[in-house]
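Enquirer: got a predicted structure plus its sequence, pasted below:
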Amino acid sequence: MTPIKLRQALSLVCVIASSPALAEMEHRMGGLPGMPAYMLKPGGKLEHHQKFHSDSARPGGEMMFTFGQPGDPRAVKRRIRIEARGNRFEVAALEFESGETVEFEFRNLDSRPHEVRIGDPRYQQEHAEMLRRMPGWEHSSPNSVLVAPGETGTLVWQFGEDPVIELACHVAGSFQAGMHVEMRAIKR
């Protein structure tokens with residue numbers, strides 16, 4: 001599929017996902033090429049990838065993850081700088097406290113875009129599987145930041161109760177090449 005046709009298909013998916021009637025019709029038709037039809041079922045305010053990741057929503061449709069939530073920048077206790085080169089993150093061992101709010105400063109020193117996506121190992125595996133099924137799919141999420149080559153991006157995150165979290169990049173096979181790093185909860 002050419003990039004233009006892919007963008008057109010993805011635009012159609014966004015329209016379909018936002019309209020229960022169109023989504024149901026498309027679901028009955030079997031979905032779009034390369035996209036599982038179950039992802040197009042009407043599901044309230046959650047987008048397809050949020051449902052795919054087994055996330056839950058608060059009243060009003062806000063995202064809530066078991067591994068934390070977007071943090072309030074005013075509550076940041078510390079900043080962690082991460083650099084990307086090739087298919088690896090250059091960062092020391094990472095630890096966090098449950099409930100801690102951290103600002104991640106992500107500097108992309110590579111010649112192609114990279115992301116930092118926060119999630120537990122199950123989330124990262126499910127996300128990798130979704131992207132395997134839908135190559136070329138790009139989307140934003142409250143638990144990630146996409147950064148262009150030579151740029152810096154930030155992500156503020158408040159950790160939940162999960163004892164193991166991963167930072168990963170899923171851009172163009174980076175995750176499969178080992179671009180992920182584990183963070184462990186610590187008790188103080």
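Expert: Done, it's in.
Enquirer: as a check, name the ranges of all strands in this structure.
Expert: Secondary structure of the chain (DSSP state E): strands located at 56-57, 63-64, 68-70, 78-85, 88-90, 94-96, 101-108, 114-119, 144-147, 152-159, 164-168, 180-185.
Enquirer: my guess is residue 163 contacts residue 183, does it?
Expert: No. If you go by Cβ atoms under 8 Å, residue 163 and residue 183 don't touch, sitting 9.7 Å apart. Yep, even glycine has a C-beta here, placed from its N, CA and C like the rest.
Enquirer: contacting residues for residue 105?
Expert: Residue 105 sits next to 79-82, 152-154 when contact means Cβ atoms under 8 Å, 6 or more residues apart in numbering.
Enquirer: and the closest residue to it other than its chain neighbours, what does it touch?
Expert: Leaving aside its sequence neighbours, residue 105 sits nearest to residue 81 (Cβ to Cβ, 6 or more residues apart in numbering; 4.9 Å). Contact analysis of residue 81 by Cβ under 8 Å, 6+ apart lists 91, 105, 107.
Enquirer: could the strands of the chain be laid out in a markdown table, adding distance to residue 128?
Expert: What follows is the strands of the chain, written out as a markdown table (distance: least, Cβ to Cβ, whole Å):
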| stretch | distance to residue 128 |
| --- | --- |
| strand 56-57 | 21 |
| strand 63-64 | 19 |
| strand 68-70 | 20 |
| strand 78-85 | 17 |
| strand 88-90 | 16 |
| strand 94-96 | 20 |
| strand 101-108 | 19 |
| strand 114-119 | 10 |
| strand 144-147 | 13 |
| strand 152-159 | 19 |
| strand 164-168 | 8 |
| strand 180-185 | 9 |
